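Participant: Give me a model of this one.
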Amino acid sequence: MGLRGEGRLHIPEPYKATKHYARSCQKLSVLNSSFNQYKQHISGLLSDNLSDDSKELLESVKGAIIETRKQLYKELTNSVSTTDVFRLLQTIPGVGPYTAASIIGEIQDMKRFTSAKALIAFAGLDPKIIQSGKKLNSTGRMTKRGSSYLRRSIFISANAARRCDAQFKELYDKKRAEGKTYTEANCVVARKLLKVARSVWLSDKDYHLPE
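Facilitator: Have a look, this model is predicted:
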């Protein structure tokens, strides 16, 4: 089957539950945002005509989404709370408990990525390349292949990291000065953040600013 190019390599997942918890939390977060928009929309359309029972039902649905996410978040952090890598990743600026757990859940084993480039490609943060004749040029856009869950978590963390860490702030400001948009500059920071996460994970050492 391998010679025919069929099937795929089986990769053990020691943090399988963590991955599902993290993905569920992210999906519920998106659902909550969508539901809030829907709630505002229907309330605006019906205004005073919306019955008290309907208002109560909308509020209960919103509350259920929030409470479910809180419970899953608790189980997510509990699934990796005793691991060293969970603590190590949180020494990186912008990486909190959720992002650290999400990184662990999506990556499972950092040794499966033989280079930082491979990890960045897995997150879909590598630049899309187009070929024109004999030349290869970057479009400036991401390929968005691989794990969208990891990409979203890292992108949000990169935005926080560039606000509170000199290394990431300098990189972000440099790219903005070069004319990059917020999204493009933050993607560059996100790639740097992934490289740092890989280094911290494999070296088993806390993050520190380069001297």
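
Participant: contacting residues around residue 175?
Facilitator: The contact partners of residue 175, taken as Cβ atoms under 8 Å, 6 or more residues apart in numbering, are 184, 185, 188, 189. Every C-beta, even on glycine, is put in place using the N, C-alpha and C of the backbone.

Participant: okay, now the second one: neighbour count?
Facilitator: As a burial measure, the neighbour count of residue 185 was computed by other Cβ atoms under 10 Å and equals 21.

Participant: measure it to residue 201 for me?
Facilitator: 25 Å (Cβ to Cβ, to the nearest Å).

Participant: Pull out the buried residues from the helix or strand hosting residue 56.
Facilitator: Using DSSP states H and E, residue 56 sits in helix 52-80. For helix 52-80, the neighbour count (16 or more other Cβ atoms under 10 Å) marks 58, 65, 69, 72, 73, 76, 77, 79, 80 as buried.

Participant: Excluding chain neighbours, what is closest to residue 167?
Facilitator: Nearest non-adjacent residue to residue 167, counting by Cβ to Cβ, 6 or more residues apart in numbering: residue 209, 5.7 Å away.

Participant: tell me the contacts of the spatially most central residue of the chain?
Facilitator: Closest to where the C-alpha atoms of the chain average out (Cα atoms, centre = their mean) is residue 153, at 1.6 Å. Each residue near residue 153 by Cβ under 8 Å, 6+ apart is listed here: 22, 26, 98, 99, 102, 103, 106.
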